[in-house]
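Colleague: fold the following and give me the result.
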Amino acid sequence: MKKMPCLIVLAIAGCGLNQNDPFHERPVVSRDEAPPPIAGGTLAITRDGRFALVADPDLDRLLRVDLTSHEVHPVALADGDEPGRIAEDATGRAYVALRHGGGLAVIDVNAGRLERRIEVCAAPRGVAWEPEGDQLHVACADGALVTLDPDRVEARRQQLPAGLQDVVVSDGAVLVTRLRSAEVLRVGEEGVVIVEALPDAVQSGIDEEGDPTELHQTYAPGVAVRLRSTGDSHVVLHQRARVGREVVYRAEARPRTYTYSNQPVTYEDVTWRDPCGNPVVHAAATFLGPDGAPQHVAPALSGGVVPVDVAVSDGGQVAVAFAGEPGGDFSFGPQVIRSQVRSATAEGGCLGDEGGRAYPGQAVALAYSDETLVVQLRAPSRLVVGEAVVELGGESARDSGHEVFHLDTGGGIACASCHPGGGDDGHVWEFAAVSPVRTQPLEGMVDLAPYHRRGDVASFEDLMSGLADQMAGPRLDAETLASVRHWLVRLPAAPRGPLLDRERVQRGAAVFVEAGCERCHAGELGTDRSYQVGERTWQTPPLRGIALRAPYLHDGRAATLDEALPESVSALPPEEREDLLAYLRSR
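Modeller: Now for the predicted structure:
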C-alpha cells in the first residue's frame, strides 16, 4: 500500500484560499508522493447490495465496506496503480481499472482478496461487464477498446479515437465516451462506430432582479466525466464551455481584461450575469437513449465545481458529486446536487440541489444502494452511507497543492475545471482581450517558464497572480504557492498514444530527426519552452500524449495531426509523412 510521507508541513498560511474557506487556517502540507488528480467514479455497489467497493487512488487500495455492519476490509494494490472504475461480473469478481498500473485488478469480493492482474493496455479508464456472453469491455486512453472473453483472455481489440473515458453495454452494442470531446461512440458487434454528439446549450443572461435579458451565450459540451447506465437509458456527466467572445463585447468598448469566474461582466452599460450563477464552464448531466443518442438539452447544474460522478436510483433519484468544495461548512457551492429524473431531464434552464447537505470531506464518487445515497470522501478517506459516516482508515493524503488545484476559488471555477486530470479540456477560448487560444496541458510544463501560449508570463508567481484575478480568487501566500508548484511538477506524464505498427513508428522517428523537428520538440516531453513565429512568440506544445489532444496549434485551428504539420514537412513523400504521423501518435 502506498505510503504518503510528508516532505513539508509549513506554518499556518497567512492567506491560503479564500478567507471564509474551511481550509484557511489549516497548515500547508506538501508531500513527496503527491496524490494523483481526482478522476472520480471510484465507487460501486455489489449486485447483491451487500457491499460497497471503494477504489482509493490516493493510497493504492480497494476497500470492501459491508453496508449493514460498516465493517471495512482493505485490499492492497501495488504502489502507483491508481485504481479507478470498477465492474462486477456474475461470479462475484470485481475488476478494477488500474489507471497507471496497465491493466485490471481482479478481486474476489466475498473472500476480500486480490486474485490476479490482467494486462490490458497502458492506461485503462472505463470497464464494463456484459452478461450476454460473459464478456468484459475495457476502454483505454490510447483509444483501444479491449474485449475479454469468459476466461478473461483478450478476444478483440478495436482501435477507436484516442482519449476514451467510460464504457457501458446497451442494447447489443457498447457505448463509449471520450474525455475531451464529450462524444458518445456506439460500437456494434461488427465494429461499426456511430458518433452521437451532445447538443450545445444557449442561455439567456439575467439582470439585477433575476429577469431574463436579451443577451445570450452559447456553451459547447466537453469533458465527459462519467457515463453511467440507468437501466433502459444512460446518463453522461459532462461540462459545457463558453464558445465565442463575451456577449457584451463591443468594438467601441474593447476590454483589456477578461474573467473565467462567475462574477458579472460589465462593459459600459451592458452587463452579463449567468442565470445559473456559473462561470465560463458549467456541469450538465445529459440523459441518453439506449442507442446513445442524447434525449434533451440538459439543464445547467448550478454552482457545482469540478464534477466527478453521477448516479441514478431505481426510484428516479439523481445525484451528482463535485470535488470542488472542501467539505464541512462550505460557503460557495454544493458538494452533491440531488434531484429527480423529471427535473434532470427537463429542457435547458438551471438545476439546483433539492436537498442540500454538508459532507465531512471532499466528495469524489457516489452511488445508490436501493434508494440510499452512498458518497465517497477523501482526505480523510470516508464513506457516507445515508446518515452514517464510515471511517475508511489509512494515512491522510491531504496535500495543499492538490487542494488549490481542485477547489473552488470563490468564482465558481477551479484549475481542474479546464485541466481535468492535470491535462487539458481541448477547448479553444476566444476572449475580446486576447486572440483565440487553446487550453494548454499541464503535464511536465510547470518548470518550463515562461508561461502561457505566448510565453509572456515570466514566472510561476506571476502566472498564479494573473489567475487569481481571472478566477476571482485570493492572492496565495508564498507557502501555499510553493505547495501548488510542488504538486504540479509531480503530475504524471500524459498517457502515450497507440503503438500500432512498430516498424512504421521506428521509420517515423528517423523522419522526425531528419526533418529537424527535434530542434523545437526536444526531450521526453517534446518541447523546448518557446519558438518564434513571425513577430509573435508561441510556446512549443509538448508532444507526449499528443494523439489524445486534438484540436492542435495554439488556436485549435487544426482538427487533426496531419493538418497541424508545418509547411517544412509538407514536401515529404506520402509514405514518409504517414511514418512521421505514426511516430507522433505513439508519443
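Colleague: what are the phi and psi values for the residue most central in space within the chain?
Modeller: When the chain is reduced to its mean C-alpha position, the closest residue under CA atoms, centre = their mean turns out to be Pro420, at 3.4 Å. Per-residue torsions, Pro420: phi -60, psi 140 (degrees, to the nearest 10).
Colleague: pretty sure it sits against Leu179.
Modeller: Yes - here Pro420 lies in contact with Leu179, judged by CB atoms under 8 Å, at a distance of 6.7 Å. For the C-beta atoms, the positions are set from N, CA and C on the backbone; glycine is no exception.
Colleague: which neighbours do those two share?
Modeller: Val223 (CB atoms under 8 Å, 6 or more residues apart in numbering).
Colleague: in stretch 76-94, what counts as buried?
Modeller: Residues of stretch 76-94 classed as buried under the neighbour-count rule (16 or more other CB atoms under 10 Å) are 77-78, 81-89, 92-94.
Colleague: picking that back up, dump the residue contacts of the residue nearest to the centre of the chain.
Modeller: Applying CB under 8 Å, 6+ apart to Pro420 gives the contacts 37, 179, 223, 225.
Colleague: where does pLDDT dip in this protein?
Modeller: 1-25, 249-256, 328-331, 444-445, 448, 529-537 (pLDDT under 70).
Colleague: C-terminal to the longest strand along it, what's the next element?
Modeller: Longest strand in the chain by number of residues, with DSSP state E as the criterion: strand 212-229. Counting by DSSP states H and E, the element after strand 212-229 in chain order, helix or strand, is strand 234-242.
Colleague: tell me the contacts of Pro150?
Modeller: For Pro150, the contacting residues are 133-135, by CB under 8 Å, 6+ apart.
Colleague: which SS class is Leu366?
Modeller: Under the three-state scheme (DSSP: H, G, I helix; E, B strand; the rest coil), Leu366 adopts strand.
Colleague: residue contacts, it?
Modeller: Shown in contact with Leu366 (CB under 8 Å, 6+ apart): 43, 309-311, 319, 321, 336, 373-376.
Colleague: need these in a markdown table with secondary structure and distance to Tyr359, can you?
Modeller: Formatted as a markdown table, the entries for the contacts of Leu366 read as follows, by DSSP: H, G, I helix; E, B strand; the rest coil; distance: CB to CB, whole Å:
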| residue | secondary structure | distance to Tyr359 |
| --- | --- | --- |
| Leu43 | strand | 13 |
| Asp309 | strand | 13 |
| Val310 | strand | 16 |
| Ala311 | strand | 15 |
| Ala319 | strand | 12 |
| Ala321 | strand | 9 |
| Val336 | strand | 7 |
| Leu373 | strand | 10 |
| Val374 | strand | 11 |
| Val375 | strand | 6 |
| Gln376 | strand | 10 |
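Colleague: by neighbours, which of the residues you listed wins?
Modeller: Looking at the contacts of Leu366 with neighbours defined as other CB atoms under 10 Å, the largest count falls to Ala321 at 33 neighbours.
Colleague: show me the beta-bridge partners of it.
Modeller: When assigned by DSSP bridges, Ala321 has beta-bridge partners Asp309, Val336.
Colleague: quote the end-to-end distance of stretch 128-139.
Modeller: Its first and final residues considered, stretch 128-139 spans 9 Å by CA to CA, to the nearest Å.
Colleague: equivalent analysis for stretch 68-88, please.
Modeller: End residues of stretch 68-88 are separated by 20 Å (CA to CA).
Colleague: how about stretch 157-164?
Modeller: For stretch 157-164, the first-to-last residue distance is 14 Å (CA to CA).
Colleague: what about that stretch, distance to the chain center?
Modeller: Offset of stretch 157-164 from its chain centre (CA atoms, centre = their mean, to the nearest Å): 18 Å.
Colleague: offset the numbering so it begins at 17, please.
Modeller: That works, and once the first residue is 17, the last one we named lands at stretch 173-180.
Colleague: return the set of buried residues in that stretch.
Modeller: By neighbour count on 16+ other CB under 10 Å, the buried set for stretch 173-180 is 176-180.
Colleague: so where does the residue nearest to Gln151 when sequence neighbours are not counted fall, helix or strand?
Modeller: Nearest in space to Gln151, with sequence neighbours left out and distances taken as CB to CB, 6 or more residues apart in numbering, is Thr163 at 5.5 Å. For Thr163, the enclosing helix or strand under DSSP H and E is strand 160-164.
Colleague: by contact count, what packs against that strand?
Modeller: The contact analysis (3 or more CB pairs under 8 Å, 6 or more residues apart in numbering; DSSP states H and E) places strand 160-164 against strand 151-156, strand 170-175, strand 180-186.
Colleague: distance to Gly471 added to these, as JSON lines?
Modeller: Written out in JSON lines, the entries for these read as follows (distance: least, CB to CB, whole Å):
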{"stretch": "strand 151-156", "distance to Gly471": "34"}
{"stretch": "strand 170-175", "distance to Gly471": "36"}
{"stretch": "strand 180-186", "distance to Gly471": "31"}
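Colleague: and the contacts of Leu382 as CSV, adding distance to Gly409?
Modeller: As requested, the contacts of Leu382 are arranged in CSV below (distance: CB to CB, whole Å):
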residue, distance to Gly409
Leu59, 16
Asp325, 22
Val326, 27
Ala327, 24
Ala335, 25
Ala337, 21
Val352, 23
Leu389, 22
Val390, 17
Val391, 17
Gln392, 14
